[in-house]
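*Asks:* here is a sequence together with a model predicted from it:
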Amino acid sequence: MCEQMNYVLNIDTYILQNSHEKITDIFMTKHKEAVIEHCGSDMEHFEFYFEAGLHTIGIWQMQVDAGTCNNEEDEVLRFFSELRPDDAGKLAESILQFSDVFNMSGADIIIYIS
């Protein structure tokens, strides 16, 4: 699981912030059972907070001046699509937890999702 989260933390900030809806759609369709198992059955709640979580990772990357990879959107979408179900559920849970911890740390940001 650490390998998958490491990949997500290093995805190009632009892709995270502009493809969060596509990535969330993959989780809500392809990995729905795993998401329910790891994050609960309220998919509307999951969708909102998962998109915010991806956006938060992008904010974190900018604040720490993270060295992100120069990914292609297709490569990133393929990564999320090809996750094994259990890995997808664990990764979704990790992204939500990262977002919660980051936002509770007192970071002075407001998350806007367009």
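*Replies:* Right, received. Where do you want to start?

*Asks:* name the element the most centrally placed residue in the chain belongs to?
*Replies:* Centroid-nearest residue in the chain: Leu54, 3.7 Å away (criterion: Cα atoms, centre = their mean). Here Leu54 sits within helix 43-63, counting by DSSP states H and E.

*Asks:* next structured bit after that helix?
*Replies:* Toward the C-terminal end, the helix or strand that comes next after helix 43-63 (DSSP H and E) is helix 73-81.

*Asks:* for that next one, packing partners?
*Replies:* helix 20-29 (3 or more Cβ pairs under 8 Å, 6 or more residues apart in numbering; DSSP states H and E). C-beta coordinates here come from the backbone N, C-alpha and C atoms, glycine included.

*Asks:* next secondary structure after the helix it packs on?
*Replies:* Next along the chain from helix 20-29, counting by DSSP H and E, comes helix 32-39.

*Asks:* residue ranges with poor pLDDT in the chain?
*Replies:* Applying pLDDT under 70 to the chain picks out residues 1, 105-114.

*Asks:* pull the number of nearby residues for His20.
*Replies:* The tally of other residues near His20 (other Cβ atoms under 10 Å) stands at 20.

*Asks:* so how far is Arg78 from it?
*Replies:* Going from His20 to Arg78 by Cβ to Cβ, to the nearest Å gives 16 Å.
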